[in-house]
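Asker: Let me see the structure of the following:
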Amino acid sequence: MTSAEREGVKLKRWTRAEFEQTALILYQEHLELVEGDVIDKKGETQRHQASQELLSKWLLGAFGTKRVLREARIDVAPEDNPRNEPEPDLMALNRDMNYFCGTNPGPKDLLLVIEVADERTLGSDFHIKGPLYARAAIVEYWLLDIAGCRMIVHRDPQEGRYRYVMAYSAEEDLAPLAAPGSFLRVADAFAL
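Answerer: Sure, this is the predicted structure:
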């Protein structure tokens, strides 16, 4: 049950087919489908945008220009696909992005998925998207917590959950599993 439902607000639950048909009409809107809810991503703060840009530049250096996508829709686990088409802030692919023209990258195509969260989105990125990505067996999911000045790293998806979840402070360095020599100092993901 979503918070809106608990408060008595009636929501329309969407299927992926309905969302895709409507999204064509509302193409100028920045929308994603998560657990049947259509989420408007246009309200991102300047801090969110700045962190996303800093992480994007770091990812391009770690994985190369043809293997990094920004705000692109992905497929998740087959049982979750009918009501989900999330759009992570950033992702690193295991092959050239041109391979995905006309199709979404799927879980096996994703080396790293990153969400940038402010106070408004941290809860849903952790409690809804985290399990969604774990059920899809996405090997590594990073959640940048802007307010907490930390990166929450999720690894080792098994049985629908991440077995390794660890928070790294701004003073710490970390590297993705797929690029172990490419270290990110967490503080470098924040516009100070």
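Asker: Show me how far stretch 72-91 is from its chain's centre.
Answerer: 9 Å (C-alpha atoms, centre = their mean, to the nearest Å).
Asker: now swap in stretch 178-192 and tell me
Answerer: Relative to where its chain is centred, stretch 178-192 has its mean C-alpha point 17 Å off (C-alpha atoms, centre = their mean).
Asker: For the top helix by length along the chain, give the mean pLDDT please.
Answerer: Taking DSSP state H as the criterion, the chain has its longest helix at helix 46-63. Per-residue pLDDT over helix 46-63 has a mean of 95.
Asker: so what secondary structure elements neighbour it?
Answerer: Under the contact criterion of 3 or more C-beta pairs under 8 Å, 6 or more residues apart in numbering; DSSP states H and E, helix 46-63 touches strand 68-70, strand 90-93, strand 110-117, strand 184-185. For the C-beta atoms, the positions are set from N, CA and C on the backbone; glycine is no exception.
Asker: Test my guess that Val165 contacts Val153.
Answerer: Yes: if you go by C-beta atoms under 8 Å, Val165 and Val153 touch, sitting 7.2 Å apart.
Asker: Looking at the two, which one has more neighbours?
Answerer: Val153 (20 against 16; other C-beta atoms under 10 Å).
Asker: Against Asp125, how distant is the more buried one?
Answerer: 13 Å (C-beta to C-beta, to the nearest Å).
Asker: for this structure, what are the low-confidence residue spans?
Answerer: 1-11, 22-30, 42-43, 192 (pLDDT under 70).
Asker: what is Leu69 paired to in the beta sheet?
Answerer: Met91 (DSSP bridges).
Asker: From the chain's centre, how far out is stretch 41-59? Work that out for me.
Answerer: Going by C-alpha atoms, centre = their mean, where stretch 41-59 is centred and where its chain is centred differ by 12 Å.
Asker: Kindly export that stretch (C-alpha atoms) in CSV.
Answerer: Taking Å, rounded to 0.1, in the frame of the first residue of the first chain, the C-alpha atoms of stretch 41-59 are listed here in CSV:
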residue,chain,number,x,y,z
LYS,A,41,10.7,13.2,-12.3
LYS,A,42,10.6,16.9,-13.4
GLY,A,43,10.8,18.2,-9.8
GLU,A,44,14.5,17.4,-9.4
THR,A,45,16.4,19.9,-7.4
GLN,A,46,19.6,21.7,-8.6
ARG,A,47,21.6,19.7,-6.0
HIS,A,48,20.2,16.5,-7.6
GLN,A,49,21.0,17.7,-11.1
ALA,A,50,24.5,18.7,-10.0
SER,A,51,25.3,15.4,-8.3
GLN,A,52,23.9,13.5,-11.3
GLU,A,53,26.2,15.5,-13.6
LEU,A,54,29.3,14.9,-11.4
LEU,A,55,28.5,11.2,-11.3
SER,A,56,27.9,11.0,-15.0
LYS,A,57,31.3,12.5,-15.7
TRP,A,58,33.0,10.0,-13.3
LEU,A,59,31.1,7.1,-14.9
